[in-house]
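Undergrad: using only what follows, build the 3D model:
(4 chains)
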Protein chains: 2
Amino acid sequence: MALGVGEHMLDSSRADILEAAAHCFMERGYSATSIDDVARRLGATKGRIYHHYSSKSDLFADVFRFGMEMNYKAIEPLRHSREKAVERWRKMAFVHVVQMITKRQFQRVVWEGVEMHLRGATTPEQRTVFADLIGSRARYSDVFRDLLAEARDDGDMAFGNLGITNQLVFITLNSPIFWYSPRAGETEGYIREIARQIVSFAMHGLGMKEGNP
Amino acid sequence: MALGVGEHMLDSSRADILEAAAHCFMERGYSATSIDDVARRLGATKGRIYHHYSSKSDLFADVFRFGMEMNYKAIEPLRHSREKAVERWRKMAFVHVVQMITKRQFQRVVWEGVEMHLRGATTPEQRTVFADLIGSRARYSDVFRDLLAEARDDGDMAFGNLGITNQLVFITLNSPIFWYSPRAGETEGYIREIARQIVSFAMHGLGMKEGNP
DNA sequence: GTCTATATGGTGATAGAC
DNA sequence: GTCTATCACCATATAGAC
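TA: From the prediction side, this is the model:
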């Protein structure tokens, strides 16, 4: 029940599988992860997984989907506030980074899913499953990109090529999925402090003054 | 012979294998790449590969090694110049980014090698092979980090935590391995312009004024 | 719903011809 | 030095008991 999302809840059996799968995919990557690995982490056998998912790529896609749902949910309250674009961007960037840190397993899967798509490494059948996920992810990225454009028009940001800049910013915001490692006694305040430094770095790169969310 | 490195040249047979392997590992990742894939790309069979390398991880390690050798070679002339740290950092960052773009296959393998190490996904025997490679990569990163510290002492940069900042900067500089895609009629000037924008973004993030290498 | 087989295919690695 | 078998193993996915 900890994994409630949007208007519906996931039954706990499925939530357990998602959590275990996300963790395994994060640790070993899609290809090196076997269904047996996920089952072992669940303390079960693969029969249980195949009862809920028809294939490994189906399972992977559902983890991907759930990761994106969490992201949209996190920024939703901030998207349509009446503040200036630069301020909306700053707050959204902050909660995005916190997501990257606290939901690391799922965000790594999202990243690898995008990677697989960009490399064209997916099989034809996988493309159908992936299509709307990749679209969802692209639209999510566009939300941030459009705010950058708006903030530049407002004169609150200064940068060169919009597409490249958004790539640089996004990879900066996503980077903790690669280098952050949780430590004992990790507090919410500690995580927020890390996130603050990352957003600050990105904002400077965007030609802005300092700011504390 | 195009792959000459350091004081020695690689025999062309081995250079061909390295190039093909790098390309396959870039496209599919380590685990999803089979020796047959590499052989197919060579227009050969795996007998040829196993004559030069005793295992898949050995081959991967050699691609990793070669990628790092290229990196060290690229920054070597700049490391010990007598300019200020901030200026040395800027020039080294620039050639590093150009490497990321122009030697993308090898740099992706370096990235995945580091990833595999961080995830602890390597088998005990692989750790021995990887150990010095990871060390080499860590020292390479430290070269940049130490310059950041020096530049901050000089009063030429302003940032918070050194370790986090170096991670953010490094991931920014490395990012084209993920999003850059070569296009027809790609000129050296075009690549340098992209690199210039990336370094500029990073430098702003480091609390510096604009600069054109 | 979850388990225990088991069918099936692919992959790393080796042996031996040329 | 490269090729053509071939082996042994592991992983996806299924079938059917409980």
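Undergrad: per-residue confidence at the residue nearest to A:Phe170 when sequence neighbours are not counted?
TA: Setting aside the residues directly before and after it, A:Phe170 is nearest to A:Ser141 in space (Cβ to Cβ, 6 or more residues apart in numbering or on different chains), at 6.2 Å. Quick note: C-beta positions are derived from backbone N, CA and C, even for glycine. A:Ser141 carries a pLDDT score of 98 in this model.
Undergrad: do the same with the one 10 residues further on
TA: pLDDT for A:Ala151: 97.
Undergrad: wasn't it part of a helix?
TA: Yes: secondary structure of A:Ala151, determined by DSSP: H, G, I helix; E, B strand; the rest coil: located in a helix.
Undergrad: burial of it, as a residue count?
TA: 23 (other Cβ atoms under 10 Å in any protein chain shown).
Undergrad: picking up where we left off before, quick one: the residue nearest to A:Phe170 is in a helix?
TA: Yes: judged by three-state DSSP, A:Ser141 forms part of a helix.
Undergrad: wait, A:Ile191 sits on A:Val98?
TA: Yes: A:Ile191 lies in contact with A:Val98 (Cβ atoms under 8 Å); the separation is 6.4 Å.
Undergrad: pick out whichever of those two has more residues nearby.
TA: Remark: of A:Ile191 and A:Val98, A:Val98 carries more neighbours, 20 against 17, as counted by other Cβ under 10 Å.
Undergrad: from memory that one sits against A:Tyr190, does it?
TA: No: A:Val98 is beyond contact range of A:Tyr190, at 11.4 Å (criterion: Cβ under 8 Å).
Undergrad: in chain A, which helix or strand is least confident?
TA: Ranked by mean pLDDT, DSSP states H and E, the weakest helix or strand in chain A is helix A:124-153, scoring a mean of 93.
Undergrad: could you pick out the residues of chain A near chain B for me?
TA: A:26-32, A:115, A:118-121, A:159-161, A:164-165, A:167-168, A:171-172, A:175, A:178-179, A:194, A:197-198, A:200-202, A:204-207 (Cβ under 8 Å from any Cβ of the partner chain).
Undergrad: A:Val63 and A:Ala39, how far apart?
TA: Distance of A:Val63 to A:Ala39, computed by Cβ to Cβ, to the nearest Å: 15 Å.
Undergrad: comparing these two, which residue is more hemmed in?
TA: A:Val63 (27 against 20).
Undergrad: just the element for the closest residue to DNA strand C within chain A, please.
TA: Nearest residue of chain A to DNA strand C (Cβ to the nearest atom of the strand) works out as A:Gly47 at 2.0 Å. Per DSSP states H and E, A:Gly47 falls inside helix A:46-52.
Undergrad: against which helices or strands is that helix packed?
TA: For helix A:46-52, the contact count by 3 or more Cβ pairs under 8 Å, 6 or more residues apart in numbering or on different chains; DSSP states H and E identifies helix A:12-28, helix A:35-42 as packing neighbours.
Undergrad: for the longest one, buried residues please.
TA: So that's helix A:12-28. Buried residues in helix A:12-28, counted by 16 or more other Cβ atoms under 10 Å in any protein chain shown: A:15-28.
Undergrad: and those as TSV, adding pLDDT?
TA: What follows is these, written out as TSV (pLDDT from 0 to 100):
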residue	pLDDT
A:Ala15	96
A:Asp16	98
A:Ile17	98
A:Leu18	98
A:Glu19	98
A:Ala20	98
A:Ala21	98
A:Ala22	98
A:His23	98
A:Cys24	98
A:Phe25	98
A:Met26	98
A:Glu27	96
A:Arg28	96
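Undergrad: before we move on, the earlier item: check whether the helix holding A:Gly47 contacts DNA strand D.
TA: Yes: part of helix A:46-52 sits near DNA strand D under the criterion Cβ under 7 Å from any atom of the strand, namely A:Lys46, A:Gly47, A:Tyr50.
Undergrad: now do the contacts for the last one.
TA: When you say that, I think you mean A:Tyr50. A:Ile35 (Cβ atoms under 8 Å, 6 or more residues apart in numbering or on different chains).
Undergrad: and the gap between A:Glu87 and B:Gly113?
TA: To B:Gly113, A:Glu87 is 41 Å away according to Cβ to Cβ.
Undergrad: ok, the two, which is more surrounded?
TA: Using other Cβ under 10 Å, the more surrounded residue of A:Glu87 and B:Gly113 is B:Gly113, with 25 against 17.
Undergrad: distance of the more buried one from A:Asp132?
TA: From B:Gly113 to A:Asp132 the distance is 33 Å (Cβ to Cβ).
Undergrad: in what helix or strand does the residue nearest in space to the middle of chain A lie?
TA: Nearest residue to the geometric centre of chain A (Cα atoms, centre = their mean): A:Gln107, 3.9 Å. Under the criterion of DSSP H and E, A:Gln107 resides in helix A:104-118.
Undergrad: what's the angle between that helix and helix B:12-28?
TA: Angle between the axes of helix A:104-118 and helix B:12-28 is 120 degrees (criterion: axes from the mean of the first three to the mean of the last three Cα atoms, to 10 degrees).
Undergrad: now helix A:104-118: mean pLDDT?
TA: Mean predicted confidence for helix A:104-118 is 97.
Undergrad: near DNA strand D, anything from that helix?
TA: No: judged by Cβ under 7 Å from any atom of the strand, helix A:104-118 stays clear of DNA strand D, getting no closer than 14.3 Å.
Undergrad: cool, and stretch A:54-73?
TA: Yes: interface with DNA strand D: stretch A:54-73 contributes A:Ser54, A:Ser55, A:Lys56, A:Ser57 (Cβ under 7 Å from any atom of the strand).
Undergrad: write a PyMOL command that selects only the buried members of those residues.
TA: Buried residues among those (16+ other Cβ under 10 Å), as a PyMOL selection:
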select buried, chain A and resi 56+57
